[in-house]
Structure formats: C-alpha cells, structure tokens
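**Student:** Compute the structure for the input listed below.
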Amino acid sequence: MRALGVNTWVWTSPLTDASLERIAPRVADWGFDVLELPVENVGDWDPRRARTLLDGLGLAASTVLVMGPGRELVATDPATRAATQDYLRRVVDAAATAGSTVVAGPAYASVGRTWRMSPSERAGLRSELTEALAPVVDHASAAGVRIAVEPLNRYETSVLNTVDQALEALADLPAEHCGLALDVYHMNIEERDVAAAIERAAGRVHHVQVCANDRGAPGADHLDWLRIVTSLGKSGYSGPLVIESFTADNASIATAASVWRPLAASQDAIAVDGLSFLRSLAPSLPQKKGAAVD
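**Tutor:** Here you go, the predicted structure:
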C-alpha cells in the first residue's frame, strides 16, 4: 500500500512539541503512515524529540518549509537572500534529524508576494533562483535530504505557477537532489490538464500534497483522482500522498491560506475522510517494492 500522510496544519499553527504530542498518536491510530511537519520557524519544535515520538508510533516524517514575509531567494538584496539560504539550510538539518528525506515548499519567494515581469526579467529570475538555490541543494544532498520546490497558484506568487515553469527553473540543478513538490490544490487552478502536467514532470517529482479543490478532504470534490494517481505512477513517483489543509480557527494561518469557512464537518474529518478515500484508490496507487515511503 502506498504511504499516506497528513500535515499538522490541518489542526494547528505553528507546530510545537506539545501540539505534536497531541496530534501524532491520533494520526497513527487512524492508520496514517506519514506525519508532515512544517518548520515555520526553526526551534518551534524539537526534531530529535519529534523523531523519537514518530518512531515509537510507527510514523515516518515529511517536512515543509515556510516562506513567510522577508524570506526571499529572488528579486531581493544580498542580505535577505543569505538569511533565507541560512533558514533553508537549518530546515534541511531539522528534517534530517527528524528522519525526513524531503523538504518541500515554495523555496523562491515569500507567499503572497506578486509582481509583473517581462519575459527577459523572468529569464533573469530563473538564473537568479538557480544560483541562490544551488548551495542549499548541496547542503541538502550532503544531509541525505531532497529539496522539492512547489509551484503555487497565481494569487500566491508570480514566480512559479506551473509544472513547466518549475521544470525550466530547476533544469540546471541535479534532479536526484532537487525536484518538484506537486500540490493538487494549486495544480487545479493553474494546469489545463493536471494529469498530463504530472506526467511531464516524470523523474523530478519528489513530493505530493493532496486535498479537495476547496482545500477540504480529497474525494469531496470534482477532481479526477483516478487519472491523477495513475499519472503519478507513470511519472515514477513512489513517495507518499500527504493531505494538506488548514484550520479556520487559527487567525494567522486562516488568513494566509484564505480559509474563510469550515472545509468539512470537523478538522478530524478532513484527515479521516481523506484517508478513507485515498485508501479506496489503493489498486490505482503504484508503488515501488520495499519501503513505503520514498
């Protein structure tokens, strides 16, 4: 069975040791394989403590970076770029300590920052991103961690919105250490054909996040999940599918994610119902032999 996971953002932000100790046992009891840990700020939670907890529950970890205000790798000043690179390296270190082999997220610009660019400006931005991300990728490679760069929808960034843009931007970085994080929510907005876009990313998909088109539980939507999971198999991706959604009860995260109403009967239902639906797709979830988590 392909590994299935859930992000702690479904319930809380920022993640802390105390909230992780509440969430993790419930996630394990429901039958998840992976718990995704956001690093909003390094030090919010203890990676060693997290690994001990998750190992004891039989859960694997995945990790996501957070590009909040002031975190920029492109179109910024040298000091800001250096500080952002330092943050990303520290997230890699936290991921490695927690037992995660991937750090996923929009590792290029702060979420919500948008501006118009000419074709020549965009080409320059791609070169700038390659140069800024390369030392982070080198650090991650040495730590046994892969960087998965996530395209976001047009309302959250103007840098990378589509799979094709991301593939072009990352072309000069080593595919085995730096690839794409695909989030079905954003793809539903930006890709003309989600499944075809996934297949074009073959060999560079390092992480996948899933939810309904409205950020609710996967399956409670109009998405063609059979085509999506079939295309993931064709792309060679054998890692987990991680449910990412957000709580409307936290003012800062609800505003950042534009969650203005409940997305299910309860936050638990997003996880439990989503898990049930994804498990129902099991015959269509190709996996590599051996380990459940890529």
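
**Student:** for the most centrally placed residue in the chain, what are its contacts?
**Tutor:** What sits nearest the mean C-alpha location of the chain, by C-alpha atoms, centre = their mean, is residue 104, with 4.3 Å. For residue 104, the contact set (C-beta atoms under 8 Å, 6 or more residues apart in numbering) comprises 62-65, 147-150, 181, 206-207, 209. Glycine gets a C-beta too; all of them are placed from N, C-alpha and C.

**Student:** For this structure, name the helix or strand with the lowest mean pLDDT.
**Tutor:** helix 251-257 (a mean of 80; mean pLDDT, DSSP states H and E).

**Student:** Residues in contact with that helix: which ones?
**Tutor:** For helix 251-257, the surrounding residues in contact (C-beta under 8 Å, 6+ apart) are 9, 13, 111-112, 215, 246-248, 259-260.

**Student:** from the residues you listed, which has minimum pLDDT?
**Tutor:** Among those, residue 248 carries the lowest pLDDT, at 81.

**Student:** how far away is residue 242 from residue 154?
**Tutor:** The spacing between residue 242 and residue 154, counted by C-beta to C-beta, to the nearest Å, is 23 Å.

**Student:** Compare the two (neighbour count), which wins?
**Tutor:** residue 242 (26 against 12; other C-beta atoms under 10 Å).

**Student:** which non-adjacent residue is nearest that one?
**Tutor:** residue 5 (3.9 Å; C-beta to C-beta, 6 or more residues apart in numbering).

**Student:** and that neighbour, that one's in a strand?
**Tutor:** Yes - assessed with DSSP: H, G, I helix; E, B strand; the rest coil, residue 5 lies in a strand.

**Student:** now it: how far from residue 189?
**Tutor:** On the measure of C-beta to C-beta, residue 5 and residue 189 end up 23 Å apart.

**Student:** Compare those two and say which is more crowded by neighbours.
**Tutor:** residue 5 (27 against 15).

**Student:** Quick one: the helices in the stretch 1-150 of the chain, in order.
**Tutor:** 17-30, 47-57, 78-98, 119-143 (DSSP state H, counting those that start in this stretch).

**Student:** which one of those helices lies closest to residue 271?
**Tutor:** helix 17-30 (6.6 Å; C-beta to C-beta).

**Student:** Quick one: end-to-end distance for stretch 159-171.
**Tutor:** 15 Å (C-alpha to C-alpha, to the nearest Å).

**Student:** what's the answer for stretch 96-112, then?
**Tutor:** For stretch 96-112, the end-to-end distance is 28 Å (C-alpha to C-alpha).

**Student:** in that stretch, what counts as buried?
**Tutor:** 96-111 (16 or more other C-beta atoms under 10 Å).

**Student:** Take those residues and keep only those in strands.
**Tutor:** 102-105 (DSSP state E).

**Student:** how about those residues in JSON lines, adding pLDDT and distance to residue 116?
**Tutor:** JSON lines is the format used below for these (pLDDT from 0 to 100; distance: C-beta to C-beta, whole Å):
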{"residue": "102", "pLDDT": "98", "distance to residue 116": "32"}
{"residue": "103", "pLDDT": "98", "distance to residue 116": "30"}
{"residue": "104", "pLDDT": "98", "distance to residue 116": "27"}
{"residue": "105", "pLDDT": "98", "distance to residue 116": "24"}
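
**Student:** Now render those residues as TSV, adding distance to residue 38.
**Tutor:** As requested, these are exported to TSV (distance: C-beta to C-beta, whole Å):
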residue	distance to residue 38
102	13
103	11
104	10
105	9
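
**Student:** closest to residue 193 among those?
**Tutor:** Distances from residue 193 to those, taken by C-beta to C-beta, are shortest for residue 104, at 22.7 Å.

**Student:** Please report the distance of the closest one from residue 52.
**Tutor:** Applying C-beta to C-beta to residue 104 and residue 52 gives a distance of 23 Å.

**Student:** that older thread, show me the contacts of helix 251-257 that map onto strands.
**Tutor:** Using DSSP E, none of the contacts of helix 251-257 sit in strands.

**Student:** Which entries within these meet the buried criterion?
**Tutor:** 9, 13, 111, 215, 246-248, 259.

**Student:** Next one: residue 176 from residue 169, what distance?
**Tutor:** For residue 176, the distance to residue 169 (C-beta to C-beta) stands at 17 Å.

**Student:** Give me the more crowded residue out of those two.
**Tutor:** residue 169 (24 against 11).

**Student:** What's the local residue count around the nearest residue in space to that one that is not next to it in sequence?
**Tutor:** Using C-beta to C-beta, 6+ apart and skipping residues adjacent in sequence, the residue nearest residue 169 is residue 126, 4.8 Å away. Here the number of neighbours of residue 126 (other C-beta under 10 Å) works out to 19.
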